[in-house]
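> The following block contains a protein sequence and its predicted model.
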Amino acid sequence: MTEPRRLHVPIPLRWGDLDAYNHVNNTAMLKLLEEARVRAFWQPEPGEDAPDTAVLKSGPDSGVLTLIARQEIEYVAPVPYQRHPLDVQMWFGSLGGSSIEVCYEVCSPRQTAGAAGQQVYARSTAVVVKVDATTGRPLRLSAAERDAWTPYLGEPIVYAHRR
């Protein structure tokens, strides 16, 4: 399979994301990934900009939930505080009947990438299941969702340190 087209979502750091060692705390990383996922997949409100992948209905009246069934993170390097937003790169490892495997690489800001390129800080995979909010039963991915996400379909992450 060829290299997938990647979605680039800029996510700013907050001072509160740091821990006593002066780098982004492991639990804060989950919140950063969540923010990237919401920006990438939830339909925008009027007047908001969003990528072409933002096709999921959201909010309490949508009748749809997106639940995390599984998440894995491999930390590659500590993330220092910086003013430029991190570049969270995203693609799909698979599109299932009612689930998507979202792949992430959390990278140094695009603005600061030099000749050596961007630093990868973390890799992550999340299995997200689309669920009916009333019944709790899985909902099939729609044709519009598949059309929006298929261009970003690629190889899933292979973790280097898995035992």
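Thanks, I have the structure now.

> CA atoms for contacts and neighbours, from now on please.
Noted.

> phi, psi of the most centrally placed residue in the chain?
Closest residue to the average C-alpha location of the chain: Arg37 at 4.1 Å, with CA atoms, centre = their mean. Backbone torsions of Arg37, given as degrees, to the nearest 10, read phi -60, psi -40.

> Likewise for the one 3 residues further on?
Ala40 has phi and psi values of phi -80, psi -30 when expressed as degrees, to the nearest 10.

> contacting residues around it?
Residues near Ala40 by CA atoms under 8 Å, 6 or more residues apart in numbering: 7, 9, 50-51, 53-54.

> 6 Å - rerun?
Counting by CA atoms under 6 Å, 6 or more residues apart in numbering, Ala40 touches 53-54.

> Show the model's pLDDT score for it.
You'll see Ala40 listed with a pLDDT of 96.

> For this structure, which segments count as strands?
7-11, 64-75, 86-95, 99-107, 120-132 (DSSP state E).

> Nearest to Pro151, out of those?
Closest to Pro151 of the strands of the chain, according to CA to CA: strand 86-95, at 8.9 Å.

> Stretch 49-63: which residues count as buried?
Of the residues in stretch 49-63, 50-51, 53-58 count as buried by neighbour count, 16 or more other CA atoms under 10 Å.

> Show only the entries of the residues you listed found in helices.
Assigned to helices by DSSP state H, none of the buried residues of stretch 49-63 qualify.

> Give me the lowest-pLDDT entry from the residues you listed.
The minimum pLDDT among the buried residues of stretch 49-63 falls on Ser58, with 80.

> Under the pLDDT cut-off, which ranges of the protein? List them.
In the predicted model of the chain, residues 1-4, 113-115, 161-163 satisfy pLDDT under 70.

> list the contacts for Tyr75?
Contacts of Tyr75 (CA under 6 Å, 6+ apart): Ala122.

> Could you count how many residues lie near Met90?
Counted with other CA atoms under 10 Å, the neighbours of Met90 add up to 26.

> same question, Gly117
Neighbourhood size, Gly117 [other CA under 10 Å]: 11.
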